[in-house]
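Participant: whatever this is, show me its structure:
(2 chains)
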Amino acid sequence: ELKVEQNPLFLSMQEGKNYTIYCNYSTTSDRLYWYRQDPGKSLESLFVLLSNGAVKQEGRLMASLDTKARLSTLHITAAVHDLSATYFCVIQGAQKLVFGQGTRLTINP
Amino acid sequence: EPEVTQTPSHQVTQMGQEVILRCVPISNHLYFYWYRQILGQKVEFLVSFYNNEISEKSEIFDDQFSVERPDGSNFTLKIRSTKLEDSAMYFCASSEGAGVLQDEQYFGPGTRLTVT
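Facilitator: Predicted coordinates for the structure are as follows:
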């Protein structure tokens, strides 16, 4: 059974700091996604990672994938308030997406 | 840019009533999905649908739930007799195909269902 575990589940940080969200998953998957969700809103795809060693960057966010360790990370550099949201790590199953619990990120001025 | 749309944005219903949530997937997409998210919790898969058939469903998707593609554009989720625990945000998604890079799922804005 596909399982996705994220940590931490809650993260409060100051603007300008760096931090990393970790995602472990249980079995091999074709790809891994990171989604962002603002309160009461839909899901926005940030990154799709396809292969071992894949690294993608967009602005202050960088995602990486280690398929051997079944680990992905989402690194936030010099956080700004606009990045406050819930971030989901998501694994592609055969006909479905399997979501982690989400990491609620709050960035304080 | 094409997008998945859902109606209504918010539905309030009484326990035991039937509700139908509607979705219009992206027009050239062939695979359709429903997910739900109970407030403050993770997003859970309900069902996937292809070629007018359910291709996979979760344990949550019991006999109270059904899906239908009644015409060429709509995709619906029906809950026959709603329970309090059905209160959640319901997301529709669609994907072009099933192969790598074709199966990226695009999500609609969601319908918030409140059962009282």
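
Participant: contacts, neighbours, all on C-alpha from now
Facilitator: Fine.

Participant: end-to-end on stretch A:70-90?
Facilitator: With Cα to Cα, to the nearest Å applied, stretch A:70-90 spans 12 Å between its terminal residues.

Participant: so what's the residue positioned nearest the centre of chain B up against?
Facilitator: Nearest to the geometric centre of chain B sits residue B:34, at 2.9 Å (Cα atoms, centre = their mean). Going by Cα atoms under 8 Å, 6 or more residues apart in numbering or on different chains, residue B:34 touches B:45-48, B:77, B:90-93.

Participant: neighbour-wise, which of the residues you listed leads?
Facilitator: residue B:92 (30 neighbours; other Cα atoms under 10 Å in any protein chain shown).

Participant: which stretches in the chain count as strands?
Facilitator: All of this is about chain A. Secondary structure of chain A (DSSP state E): strands at A:4-7, A:10-14, A:19-25, A:32-37, A:43-49, A:55-58, A:61-66, A:71-76, A:85-92, A:97-99, A:103-108.

Participant: that's the other chain; I wanted chain B
Facilitator: Using DSSP E, the strands found in chain B span residues B:5-7, B:10-13, B:19-24, B:31-37, B:43-50, B:53-57, B:65-68, B:75-79, B:88-95, B:106-107, B:111-115.

Participant: closest to residue A:5 out of those strands?
Facilitator: Comparison of the strands of chain B against residue A:5 by Cα to Cα identifies strand B:43-50 as nearest, at 13.1 Å.

Participant: the closest one close to chain A?
Facilitator: Yes: shown here: strand B:43-50 in contact with chain A (Cα under 8 Å from any Cα of the partner chain) through B:43-45, B:47-48.

Participant: show the pLDDT at the residue nearest to residue A:42 when sequence neighbours are not counted.
Facilitator: Spatial nearest neighbour of residue A:42, chain neighbours left out: residue B:109 (4.7 Å); criterion: Cα to Cα, 6 or more residues apart in numbering or on different chains. On pLDDT, residue B:109 comes in at 94.

Participant: so residue B:109 makes contact with residue B:5?
Facilitator: Yes: assessed by Cα atoms under 8 Å, residue B:109 is found in contact with residue B:5 at 6.7 Å.

Participant: so what's the residue nearest to residue A:82 when sequence neighbours are not counted up against?
Facilitator: Counting by Cα to Cα, 6+ apart, residue A:82 lies nearest to residue A:107, which is 8.0 Å off, once chain neighbours are set aside. By Cα under 8 Å, 6+ apart, the contact list for residue A:107 reads A:12-15, A:79-84.

Participant: for the residues you listed, which one is nearest chain B?
Facilitator: residue A:84 (15.4 Å; Cα to the nearest Cα).

Participant: surely that closest one and residue A:103 touch.
Facilitator: No: counting by Cα under 8 Å, residue A:103 is not a contact partner of residue A:84; they are 10.3 Å apart.

Participant: which bits of chain A sit near chain B?
Facilitator: Selection of chain A residues close to chain B by Cα under 8 Å from any Cα yields A:30, A:41-44, A:95-102.

Participant: show the buried residues in those residues.
Facilitator: Using 16 or more other Cα atoms under 10 Å in any protein chain shown as the burial test, these include A:42-44, A:95-102 as buried.
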